[in-house]
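# Requesting a structural model of the entry that follows:
(2 chains)
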Amino acid sequence: MEQHTLSVLVENSAGVLSQVTRLFSRKGYNIESLAVGVTDDPQVSRITIMVRGTEATIRQVANQLSKLLPVISVRKLEPEKSLTRELVLIKVRAEASPERDSIIQIANIFRANIIDVSKTSLTIEITGDEDKTLALLNLLREYGILEMARTGMVALERGQYTINDDNKEKGEYDYGKNVL
Amino acid sequence: MKMKNAQVVIECLLEQGVDTVFGYPGGTILNIYDALYQYRDRINHILTAHEQGASHAADGYARATGKVGVCFATSGPGATNLTTGIATAYMDSSPVVFITCNVGESLIGKDSFQEVDITGITMPITKSNYLVRNPGELADIMREAFAVAAAGRPGPVLVDIPKNITTVEVDYTPLPKAEHIKHGRLKKLAERASHNVHKIDPDSEDVKKLLGMIAQAKKPMILAGGGIIRSQAEKELLTFAEKIDAPVAMTLMGLGAIPSDHPLSLGLIGMHGTLEANRASTACDLLIALGTRFSDRVAGHTSTFAKNAKIVQVDIDRAEIDKNVVTDYHLIGDACQVLAAVNEKLPQYSHGEWLTQVESMAGEPIPGRSDGKLEPRDIMREIHDRTKGEAIIVTDVGQHQMWAAQYYSYKRPCQLITSGGFGTMGFGLGAALGTKLGKPDATVVHITGDGSFRMNAGELATESFYGIPVITVLMNNGTLGMVRQWQSLMYGNRHSQTTLDRGPDFVKLAGAYGMDAYRVSTGKEFADAFDKAVSSGKSCLIECRIDIDEMVRPMVSAGSPITDFLLE
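Here you go, the predicted structure:
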């Protein structure tokens, strides 16, 4: 099953997130990444969801999402036409000198920031798409990752189009605007 | 106008033209019932025996009248008792507004007495639900609730009001219903949602495409579902079918979409569909599905369903497109508007050869019993003849439901009221009471079985107290017939926990509520009893003793291709 990214604009009110995520759990789909935050309009939040599933089921979930009253619009973002970023905080073991130096070097190569230092650990902040964060994680793993936290992927479509623009080609499913 | 929110609730009902409410009072909803007392000359409140009965009654009322049904219940168990009724309405797209009260806001989230998170519980079974937290917003939410319940694909909506909110005095400004869409939340919703499904233009690409597919078809067929009933598209459907000259099969929810005795009608399709409907759907080369979601009881084995046909799906709900059966083309829209637009450009076709072929697909008539016992088919035919096909039939769920679907010839929409999607045993009596209250001039016949009837028989108290003249025809085979049928056919006759050899005496039970009741076991006795029931104009129960091994025929087992008949 392939991975899909759905971008959903919703009313910024209580209970909306559980209404949205319920539709995925009902299909038995585990949400792999979820990011929620308010937009420039304080009454509107954007939810970015990454989930694995069949194309047909994702389409159905998206159609059902667009029927929820607090959902303003739903769009499936195509990987080649969208930008995705995630921020990850990684606390890595760094007790003695040679290890500490290599970790700092690796962080620099990845343009990651070291945001906390202790006698036995370093905490690194990295922002990037999935490939980049994964590559860094793989390198740091051998030093011992003490703990980590990730924000979840956020995404926007490339170019001038926004989620509210009607730029669907004919024949494509237009999840578009809410329908009662 | 200054008033307490409890009164605002009632004023909002009046704005909607509501004159009948079903419900059951309790601690948290006391203030609303107190306000209702002041309006008792304008709002008829029907107190049922149980909240579930009230929920089905409001649902039956909505289905029979096309208006939005209204149901009240208190917090906690009052609210959870509604849930089966809410799910029933949801699955069959019936517009009902459920109003519950919750514990006061200071008690919410503390496991207080009779507290339950009913908006959380009903999230998957309502179109939308609301927990009112801002006292000034109640009227606005009530208006939105009614609009959402009725708009597009109808369905149930729940408004939960904490008790303390009902006592807050607010400034209420009356607003005529037509103005609602121009104010408050609804205005916002209408601005950003395609709230009103736009009218289909007869020259649109979608319509042209469909016209082209019809022109190419040699063996077209129409599948009419509940969407035809909800959109009141029966006239448009008849014109459409006659112009294409295509046979029409109906789903359980679609019965009445075209008259069952019309030459193009193939009757019911699916698990207990007619041989010709099921076979024609497999033989046709174009299947136009109108307002149906290809439920598993209709399509059976989805990948072989209409396997030789291009399938066109017309539905108002885009989430139904390709959900169960993958289609070749679809149109999003109200069935009535789509058909009207297509009919405008549709030439007259003739498919005599195909229709003759379909006619030959019908099987031999199922032979009657030779032992003289009362037969379900004869009961339904007798009811049909004695009501001249004009009665509204309300059913419970099980074998009797299928017999009612198969052997009563429905002339028009809303003549069969049944729990199709959710299959709720115990739906019938409450729904029949709601139907009769909504359609007082119609003869309402409630067809039930001994299993279903026992589930909510307490509503006889409601029927008897309010003198609601429903005729209950109880087909008593002493078993959960439909489950027994599966056990007989697929579980080696192991009739595990389905034999209902434990009473009660249904005639005495009805008698205890002061109702007329008859027990019959022959066709003649039934006819006499039914005539007496009709002419008395009173509530009545007729218990029909039928054989324990009666079966619903034809039958296709679940998940099989719909031409693989287990029983013909």
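
# show me the contacts for B:Asp64.
Quick fix: residue B:64 is Ala, not Asp. Taking Cβ atoms under 8 Å, 6 or more residues apart in numbering or on different chains as the contact definition, B:Ala64 lies against B:Ile392, B:Cys414, B:Ile417, B:Gly434, B:Thr435, B:Gly438, B:Lys439, B:Ala442. To be clear about C-beta, it is placed using only N, CA and C from the backbone, and glycine gets the same treatment.

# Is B:Ile10 in contact with B:Asp34, as I believe?
No: proximity of B:Ile10 to B:Asp34 does not meet the contact threshold set by Cβ atoms under 8 Å, at 10.2 Å.

# Buried ones in the longest strand seen in chain A, by neighbour count?
Selection of the longest strand in chain A by residue count, based on DSSP state E, yields strand A:82-93. Buried positions in strand A:82-93, judged by neighbour count with 16 or more other Cβ atoms under 10 Å in any protein chain shown: A:Ser82, A:Thr84, A:Arg85, A:Glu86, A:Leu87, A:Val88, A:Ile90, A:Lys91, A:Val92.

# And stretch B:366-374, by the same measure?
By neighbour count with 16+ other Cβ under 10 Å, stretch B:366-374 contains the buried residues B:Leu374.

# And for stretch B:241-257?
If you call a residue buried by 16+ other Cβ under 10 Å, then stretch B:241-257 has these buried ones: B:241-242, B:244, B:246-257.

# Identify, from those, the entry nearest to chain A.
Lowest distance from chain A to the buried residues of stretch B:241-257 (Cβ to the nearest Cβ) belongs to B:Met253, with 19.4 Å.

# Please enumerate the strands of the stretch 51-200 of chain B.
Listed from the start of the chain, the stretch 51-200 of chain B has strands (DSSP state E, counting those that start in this stretch) covering B:69-73, B:96-102, B:128-131, B:157-162, B:169-171.

# now the ones you listed as CSV including mean pLDDT, mean neighbour count and distance to B:Ser535?
Output for the strands of the stretch 51-200 of chain B, formatted as CSV (pLDDT from 0 to 100; neighbours: other Cβ atoms under 10 Å in any protein chain shown; distance: least, Cβ to Cβ, whole Å):
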stretch, mean pLDDT, mean neighbour count, distance to B:Ser535
strand B:69-73, 98, 29, 30
strand B:96-102, 98, 29, 34
strand B:128-131, 95, 23, 45
strand B:157-162, 98, 26, 41
strand B:169-171, 98, 14, 52
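
# got any ranges where the chain has weak pLDDT?
All of this refers to chain A. Per-residue confidence for chain A (pLDDT under 70) gives these ranges: A:166-180.

# nope, chain B please
Scanning chain B for pLDDT under 70 picks out the ranges B:193-198.

# if you set the cut-off to 80 instead, what comes out?
Applying pLDDT under 80 to chain B flags residues B:190-200.

# Which residues of it lie near chain A?
Contact residues of chain B with respect to chain A, defined by Cβ under 8 Å from any Cβ of the partner chain, are listed as B:119-120, B:123-124, B:127-128, B:131, B:148, B:151-153, B:189, B:192-195, B:197, B:205, B:317-319, B:321-323, B:326.

# B:Met490: what's it in contact with?
When contacts are counted by Cβ under 8 Å, 6+ apart, B:Met490 is found next to B:Ser557.

# mind checking how far it is from B:Thr302?
Using Cβ to Cβ, to the nearest Å, one obtains 21 Å as the distance from B:Met490 to B:Thr302.

# Report all helices and strands that the longest strand of chain A contacts.
The helices and strands touching strand A:82-93, judged by 3 or more Cβ pairs under 8 Å, 6 or more residues apart in numbering or on different chains; DSSP states H and E, are strand A:121-128, helix A:130-140, strand A:145-150, strand A:154-157.
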